[in-house]
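Peer 1: Structure for the following, please:
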Amino acid sequence: MKIQKILFAIAIACLVITGCKSEAKKEKLAVKKENVSLAISGMTCEIGCAKIIQSKLSKKEGVIDAKVVFTDSIANIQFDANTTSKEDLVAFVGGIAGGELYKASIAPEKVAHTCTEICKDTCQNKTTTLETEKACCSVNEDGTTFCKEDCKMACCADKKAA
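Peer 2: Numbering: from 1, shown residues only. Next up, the predicted model:
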């Protein structure tokens, strides 16, 4: 009977010790959302290549949203910067299909072309029925005038993307 009480006490002590053991809690960081556009070469079809890349990106840890546009050879990705990085995403896409089919790089951001005074006058005085041509230039909060992305007018034809 005395041995049973000792074994029972040891069993209870073991349960208490293991049950009350404080585990190191991982501090959950707030999601730090960032976006990146990747230029992807090597895609030959929309259903096979683009959809496979999009599917694999969507399942990658840290990726919040991924859209692959086959016609532009671009992947637009929203991700948690605390979990992954732009460079990790480039390497991940490059590693899909054994690393021999696809090459990814961070797509350059478009740079707005500052309109010249002549361009501003031409844009502001344009009288046409097309809305995109009527509103060629827009003025930012700081007073800087920029040509809009969808401008088809000759005055903004020298607009360049970096």
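Peer 1: which SS class is the nearest residue to residue 60 once chain neighbours are set aside?
Peer 2: Leaving aside its sequence neighbours, residue 60 sits nearest to residue 92 (Cβ to Cβ, 6 or more residues apart in numbering; 5.9 Å). C-beta here means a position set from N, CA and C on the backbone, and glycine is covered the same way. Assigned by DSSP: H, G, I helix; E, B strand; the rest coil, the conformation of residue 92 is helix.
Peer 1: any idea how far residue 92 is from residue 18?
Peer 2: Between residue 92 and residue 18 the computed distance is 39 Å (Cβ to Cβ, to the nearest Å).
Peer 1: Of the two, which one has the most company?
Peer 2: residue 92 (19 against 8; other Cβ atoms under 10 Å).
Peer 1: Could you give the average pLDDT over whichever strand or helix holds residue 4?
Peer 2: Using DSSP states H and E, residue 4 sits in helix 2-20. Averaged across helix 2-20, the pLDDT comes to 79.
Peer 1: which helices and strands does that helix pack with?
Peer 2: Here helix 2-20 touches no other helix or strand, going by 3 or more Cβ pairs under 8 Å, 6 or more residues apart in numbering; DSSP states H and E.
Peer 1: before we move on, the earlier item: give me every residue that touches the residue nearest to residue 60.
Peer 2: By Cβ atoms under 8 Å, 6 or more residues apart in numbering, residue 92 lies in contact with 56-57, 60.
Peer 1: Tell me which stretches of this structure form strands.
Peer 2: Secondary structure of the chain (DSSP state E): strands at 33-41, 63-69, 74-80, 103-106, 137-139, 145-147.
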